[in-house]
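Trainee: Requesting a structural model of the entry that follows:
(chains A, B, C and D)
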There are 2 protein chains.
Amino acid sequence: MKEKLKEHIEKLIPLTEDEFTFILSHFSIEKYKKNDFLIQQGENVNYCYYVVSGLLKLVFNDKDGKQHIVSFAMEDWWESDFSAYFMQTKAKMSLQCIENTIVFSISLKNYQKLSTELPKMGSFFLKKSNLGHIASQNRILSFLTSNAKERYEQLLKQYPLLFQRVPKTLLASYLGVSRETLSRLSS
Amino acid sequence: MKEKLKEHIEKLIPLTEDEFTFILSHFSIEKYKKNDFLIQQGENVNYCYYVVSGLLKLVFNDKDGKQHIVSFAMEDWWESDFSAYFMQTKAKMSLQCIENTIVFSISLKNYQKLSTELPKMGSFFLKKSNLGHIASQNRILSFLTSNAKERYEQLLKQYPLLFQRVPKTLLASYLGVSRETLSRLSS
DNA sequence: TCATAATTGTGATGTTTGTCACACTCGAAC
DNA sequence: GTTCGAGTGTGACAAACATCACAATTATGA
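Mentor: Numbering: from 1, shown residues only, chains lettered A, B, ... in the order given. Here you go, the predicted structure:
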């Protein structure tokens, strides 16, 4: 598991053993079971998570009780309610397990400490954040340019694995359509 | 104009005069007129921009000739086709002036140089990137949870100034609705 | 194994939104 | 002042999508 994190960081930034040991000391490892919450809407957000294995959903529950999936977090993804994490406010979204999941967690203090004491990690987090921003913009573009069917096909192409791992209802609430419409699209 | 950039950075990170002089040496100032392009879809993206004054649109033109506005960039905003900028690929979107506009521009080399040589700026860019990511996620949430009318009202509330500065057609292509629908919503 | 819940497909119907067509206003350029 | 084009509003109709209802199938746990 340590190796997974190390290899992940080294895809962007080469590390010495000592540096990785230092990095690792800022993280905790945590295990969760299906349906467990890592973050609960309305509560404090103390950690940002790196997913070693399993699958999470970042989800917003509206006043009508509908759930809207902002993001799935799979292996190798970094996830949190970033707004609440960085600004130290209450969570607007929940982060919940779709499968049993293992993560590395890092507190905001350790995130900031690591960024400044090891500039390499600052630049790693910067790159990750930029990639996250780009991914979100692509998702926005997908809403602007494509109808439900096209968005469905884009998702199918981008994450074919997802279709065997999560119920269609969740895919629908990620795509922003009703589960009935999604069902009709796939036939 | 220099003062504007300085004050902007100092909202997040305090600076000495020497530091700011060093920072400024990595930027160029540029002036554009209404309808000028800072970035052209399909071409290289050499700069990221800080908007001193004026107004820009980050826009994707699809194969049917329709334009989709990913973002407006107003005073104090940082904008570029970040994907093309960071990954050194061709621009997927254009960045074009809605009004006469003054910007500071920074090349990717200088962005990286500044981030590493002045760690404060690395942490400034990291914070800005995180804020950009958060803003994009909020926009996604708005698409997931709200219909055209609600998105319209959210925009009205968030950027009331925009409604006097840009034609409704552009607002419509930001909201992801036809201009006719937007027209009917406001009455 | 059985009972129960979760997931999925599909028809009927209503609402939302897009598209096409046309008219009107207003400001800029000549 | 006239002309032109961009911006805007609105009616009529079509397409996309949501909602409600119900049946069928597939996990899942005691």
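
Trainee: most residues in a single helix of chain A, which one?
Mentor: Ranked by residue count, the top helix of chain A under DSSP state H comes out as helix A:119-145.

Trainee: in whichever helix or strand comes after it, what's buried?
Mentor: Downstream of helix A:119-145, the next assigned helix or strand under DSSP states H and E is helix A:148-158. Using 16 or more other C-beta atoms under 10 Å in any protein chain shown as the test for burial, helix A:148-158 gives A:148, A:151-152, A:154-155. Placement of C-beta: from N, CA and C, glycine included.

Trainee: Can you tell me which of those residues is nearest B:Y174?
Mentor: A:R151 (18.4 Å; C-beta to C-beta).

Trainee: Could you tell me what pLDDT the model assigned to the residue of chain A found nearest chain B?
Mentor: Among all residues of chain A, A:S136 sits closest to chain B, at 3.4 Å; criterion: C-beta to the nearest C-beta. A:S136 carries a pLDDT value of 96.

Trainee: cool, and A:S187?
Mentor: With respect to pLDDT, A:S187 scores 71.

Trainee: what about it, neighbour count?
Mentor: 4 (other C-beta atoms under 10 Å in any protein chain shown).

Trainee: so it, which of the three states?
Mentor: Following DSSP: H, G, I helix; E, B strand; the rest coil, A:S187 is assigned to coil.

Trainee: picking that back up, TSV please, covering the buried residues of helix A:148-158 and showing distance to A:F37.
Mentor: Below are those laid out as TSV (distance: C-beta to C-beta, whole Å):
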residue	distance to A:F37
A:A148	29
A:R151	27
A:Y152	28
A:Q154	29
A:L155	25
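
Trainee: Can you tell me which of those residues is closest to A:Q96?
Mentor: Nearest to A:Q96 among the buried residues of helix A:148-158, with distances taken as C-beta to C-beta, is A:L155, at 19.6 Å.

Trainee: Can you verify my assumption that the closest one contacts A:Y174?
Mentor: Yes: checked against C-beta atoms under 8 Å, the pair A:L155 and A:Y174 is within contact range at 7.3 Å.

Trainee: separation between the spatially closest residue to the residue of chain A closest to chain B that is not a sequence neighbour and A:D64?
Mentor: Leaving out its chain neighbours, the residue that sits closest to A:S136 by C-beta to C-beta, 6 or more residues apart in numbering or on different chains is B:S136, at 3.4 Å. B:S136 sits 24 Å away from A:D64, going by C-beta to C-beta, to the nearest Å.

Trainee: ditto for A:N110
Mentor: Distance from A:N110 to A:D64, by C-beta to C-beta: 38 Å.

Trainee: Comparing the two, which residue is more hemmed in?
Mentor: Neighbour comparison, A:N110 and A:D64: the larger count goes to A:N110, with 17 against 6 (by other C-beta under 10 Å).

Trainee: would you say that one is within a strand?
Mentor: No: assessed with three-state DSSP, A:N110 is helix; it does not lie in a strand.

Trainee: In contact with it: list those residues for me.
Mentor: A:26-27 (C-beta atoms under 8 Å, 6 or more residues apart in numbering or on different chains).

Trainee: and it, how far is that from A:T116?
Mentor: Taking C-beta to C-beta as the measure, A:N110 and A:T116 are separated by 11 Å.

Trainee: buried stuff in the worst-scoring helix or strand of chain A on mean pLDDT?
Mentor: Sorted by mean pLDDT, DSSP states H and E, the helices and strands of chain A end with helix A:162-165, the least confident at a mean of 92. Neighbour counts over helix A:162-165 (16+ other C-beta under 10 Å) mark A:L162 as buried.
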